[in-house]
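Chemist: got a structure for you, letters missing:
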């Protein structure tokens, strides 16, 4: 007797003119447990406060606005102000000691008349015993147990080149042999979509996922999506040589000065320890495992030919 659906059934058996009966009850299986809540931090700015950020809050350039035209959802959003010739600062949230995988999603809107390029946000790796080891390191070459970082940039001079800006051990140094600046590609394999433009004046969903490498291996991965479409993937990367480094802070970044006063609006920030299911990825590469060659003739004299 096999159970194929929930309910009750009378089972009758007959042998040599005699019968017996039993009632069988089949229960439905228990529903699977809900997926674990992997959210680390979320901020929709509906409180009107920036107290959830632990470093960098500057009321001169950081305001929570309520203009419905400038809000993605709810009634409030964050406004970053790039004052004439000045950057818009930063807002940092720590989550020590950190994680080996991190997913960040937020919604962003640039002024309709925006000009120039900018940093957008950064994910930093500090030592588990020092949350500041990954800060104040611009131009410094990581060695594998001190820091690493990946920032997201809109483009060097405009909004047309959304890309990674990554510091990693072993990265190329500048001509002085000492200085390192973030790179959009390098160790491993980096693939970018041709169209990575952020249109000004409208809301965009930006997502980044990073997975750290196993120390001693080059198997770190980072991916970038814009409005649900995969725009960049970097694989075969080494971000650390020691487990003392983990992903342990996210920074909203307005660190590039603009020639005119401009604004960026941010809403619905989410940080999670795992990448959501359903996001597009690059198809797995296929390689030929082996090639077998059979010759019609295994020996020839000069002038003869054969086929394989």
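Modeler: Alright, I've got the coordinates. These numbers were taken from a predicted model, which means no experiment stands behind them.

Chemist: and the closest residue to residue 39 other than its chain neighbours, bridged to which residues?
Modeler: Spatial nearest neighbour of residue 39, excluding adjacent residues (CB to CB, 6 or more residues apart in numbering): residue 272 at 5.3 Å. Just so you know, the C-beta spots here come from the backbone N, C-alpha and C atoms, and that holds for glycine as well. Taking DSSP bridges, one obtains residue 39, residue 103 as the residues bridged to residue 272.

Chemist: what's the distance between residue 272 and residue 95?
Modeler: Distance, residue 272 to residue 95, by CB to CB, to the nearest Å: 11 Å.

Chemist: Quick check: neighbours shared by these two?
Modeler: residue 40 (CB atoms under 8 Å, 6 or more residues apart in numbering).

Chemist: which residues does residue 54 contact?
Modeler: Residues counted as contacts of residue 54 (CB under 8 Å, 6+ apart) are 92-94.

Chemist: how many other residues sit next to residue 218?
Modeler: Residues near residue 218, counting by other CB atoms under 10 Å, number 15.

Chemist: Contacts only, for the nearest residue to it once chain neighbours are set aside.
Modeler: Of all residues not flanking residue 218 in the chain, residue 238 sits nearest, at 4.5 Å (CB to CB, 6+ apart). Residue 238 makes contact with 144, 168-170, 187, 213, 217-218, 220, according to CB under 8 Å, 6+ apart.

Chemist: Can you get me the start-to-end distance on stretch 10-28?
Modeler: In terms of CA to CA, to the nearest Å, the two terminal residues of stretch 10-28 are separated by 18 Å.

Chemist: where does the residue sitting nearest the centre point of the chain land on pLDDT?
Modeler: The chain has residue 209 as the residue nearest its centroid, 1.6 Å off, counting by CA atoms, centre = their mean. With respect to pLDDT, residue 209 has a value of 97.

Chemist: Adjacent strands (with direction) for the helix or strand in which it is found?
Modeler: Taking DSSP states H and E as the definition, residue 209 sits inside strand 203-211. Strand pairing for strand 203-211, using DSSP bridges, gives strand 101-110 (antiparallel), strand 220-226 (antiparallel).

Chemist: Can you lay out those as TSV showing mean neighbour count, distance to residue 47 and mean pLDDT?
Modeler: Rendered in TSV, the data for these read as follows (neighbours: other CB atoms under 10 Å; distance: least, CB to CB, whole Å; pLDDT from 0 to 100):
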stretch	mean neighbour count	distance to residue 47	mean pLDDT
strand 101-110	22	17	97
strand 220-226	22	28	97
